[in-house]
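[1] Got a sequence here, can you model it:
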Amino acid sequence: MDIDYSIFDVDFSYDFITRGCIRNCWFCKVPKHEGYLKKYNDLKDIIKHNKIKFLDNNILAYEKHNDIFRELIEKNIKCEFNQGLDFRLIDDENAELLSKLNYWGEYIFAFDDWKYKEALEEKLITIKKYISKDWKLKFYIYHNVEFMTINETIKRVKWCRDNKCLPYIMRDKNCWDAEINIKNFIIDYSAYCNQPAFFKKLTFEQFLEKRTNNKNRIKESTKVYLTNKII
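    Now for the predicted structure:
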């Protein structure tokens, strides 16, 4: 697919090297719409600028992903894989190559379920061996009010803070249908977690005081947070 960049006011390219994914996460529509991971584009056909946002769902599952990284390093292309990298596929070779990329923003992974904590901590050792700067890693934190507790999401966010990683809460659409105090809390907590300047410097309670003058809103969101918080 050749994108006509003349209709966009951007100074970067964006496209896919691969489509699909090897995973079958229960909440994800990619397997249904794109199928199993497959090659989609050659890098030479994507490079229209010296900056690229890659939209691949699971670039590390592509058997030639290290060759892609090496070419990006050789050409000094500023890049980002903004749909997230699969931490389960991290090893010393690709972690070192990722660290040598002219990377744009944070390296994004996903922490979608608390059950992955031990596996993630094991891989984090390898990742931070090469990408050691604080707050340079970001984790998508999926929240679904039907199948996840607020407690579990707060624990994943706390894990991010403890490891000097940024969280980014990804809300399922059913979050908008939750009872009003839960819905408002999720809105407030997402606003806090998804803005690094606030997350790195303020507690959630301090953020609420800056966010609104509505004392009842502050009280209710604080109550939901403290009720579900793990010390």
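[2] Just list whatever residues bridge to the residue most central in space within the chain.
    Among the residues of the chain, the one closest to the centroid is Y140, at 3.3 Å (Cα atoms, centre = their mean). Note on Y140: beta-bridge partners by DSSP bridges are A110, Y168.
[3] And it, how close does it get to K219?
    30 Å (Cβ to Cβ, to the nearest Å). For every residue, glycine as well, the C-beta is placed using N, CA and C.
[4] now do F109
    Applying Cβ to Cβ to F109 and K219 gives a distance of 35 Å.
[5] neighbour count winner among the two?
    Neighbour comparison, F109 and K219: the larger count goes to F109, with 22 against 12 (by other Cβ atoms under 10 Å).
[6] Quick check: nearest residue in space to the more buried one, chain neighbours excluded?
    Distances taken as Cβ to Cβ, 6 or more residues apart in numbering put F87 closest to F109, at 4.7 Å, once the chain neighbours are dropped.
[7] ok, now which ones touch that neighbour?
    109-110, 119-120, 123-124, 127 (Cβ atoms under 8 Å, 6 or more residues apart in numbering).
[8] Now do the strands in the protein.
    Using DSSP state E, the strands of the chain run over residues 13-15, 18-19, 38-39, 51-54, 78-81, 102-103, 107-110, 137-143, 166-171.
[9] And the contacts of stretch 102-114?
    Against stretch 102-114 from outside (Cβ under 8 Å, 6+ apart): 25, 27, 51, 53, 72-73, 76-87, 98, 117, 120, 127, 131, 135-142, 152, 155-156, 159-160, 166-168.
[10] what mean pLDDT would you report for that stretch?
    What stretch 102-114 shows for mean pLDDT is 96.
[11] May I see the buried residues of it?
    The neighbour-count check on stretch 102-114 (16 or more other Cβ atoms under 10 Å) flags 103-104, 106-113 as buried.
[12] just stretch 172-191 next, same as before
    Those would be 172, 175, 178, 182, 184-191, for stretch 172-191 by 16+ other Cβ under 10 Å.
[13] which among those gets closest to E209?
    D188 (11.3 Å; Cβ to Cβ).
[14] what's the spacing between the closest one and K44?
    Here the criterion is Cβ to Cβ. By it, D188 lies 45 Å from K44.
[15] With E96 instead?
    Distance, E96 to K44, using Cβ to Cβ: 24 Å.
[16] Look at these two and report which has more neighbours.
    E96 (15 against 8).
[17] who's in contact with that one?
    Y130.
[18] can we see that at 10 Å?
    Applying Cβ atoms under 10 Å, 6 or more residues apart in numbering to E96 gives the contacts 66, 69, 126, 129-131.
[19] sorry, back to before: from I77, how far off is the residue nearest to the centre of the chain?
    24 Å.
[20] isn't K117 right next to K158, touching?
    No - in this structure, K117 is not within contact of K158 by Cβ atoms under 10 Å, at 11.2 Å.
[21] number of nearby residues for N76?
    10.
[22] Distance check, the residue nearest to F109 against I154.
    Taking Cβ to Cβ, one finds F87 at 21 Å from I154.
[23] show me where this protein has helices.
    Counting by DSSP state H, the chain has helices at residues 30-34, 43-46, 65-75, 92-100, 117-130, 150-162, 180-193, 196-199, 204-211, 215-228.
[24] By mean pLDDT, show me the worst of these.
    The bottom spot among the helices of the chain, by mean pLDDT, belongs to helix 43-46, with a mean of 87.
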